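Asker: sequence unavailable; structure follows:
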């Protein structure tokens, strides 16, 4: 139960920071922001979990999240006000 809550809180922070890092306006809601952050945290956890500490994990999560957001907008999976 606590790991699910932690994933949601961590995903929210990672998603918001990823949106802040990526230039332009992303027209996505809270659900997609949290989902993006949770997916980014899962990717970082799977590939870098053994070597990443909490700060390194957050930085990598934000970079992966920003990359996922950019890729999703370019593929047309997410709407963006600046790329519409």
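Answerer: That came through, no problem. Worth saying up front: this structure is predicted, and the values here are computed from it rather than measured.

Asker: so where is the chain shaky, pLDDT-wise?
Answerer: Scanning the chain for pLDDT under 70 picks out 1-2, 80-84.

Asker: in it, which spans are strands?
Answerer: Per DSSP state E, the chain carries no strands over any range.

Asker: mind listing what's buried along the lengthiest helix in it?
Answerer: Counting by DSSP state H, the longest helix found in the chain is helix 54-75. Burial within helix 54-75, assessed by neighbour count using 16 or more other CB atoms under 10 Å, is assigned to 57-58, 60-66, 68-70, 72-73. Heads up, the C-betas are built off the backbone N, CA and C, glycines and all.

Asker: same check, this time on stretch 31-40
Answerer: 32-40.

Asker: hang on, residue 40 packs against residue 14?
Answerer: Yes. If you go by CB atoms under 8 Å, residue 40 and residue 14 touch, sitting 5.4 Å apart.
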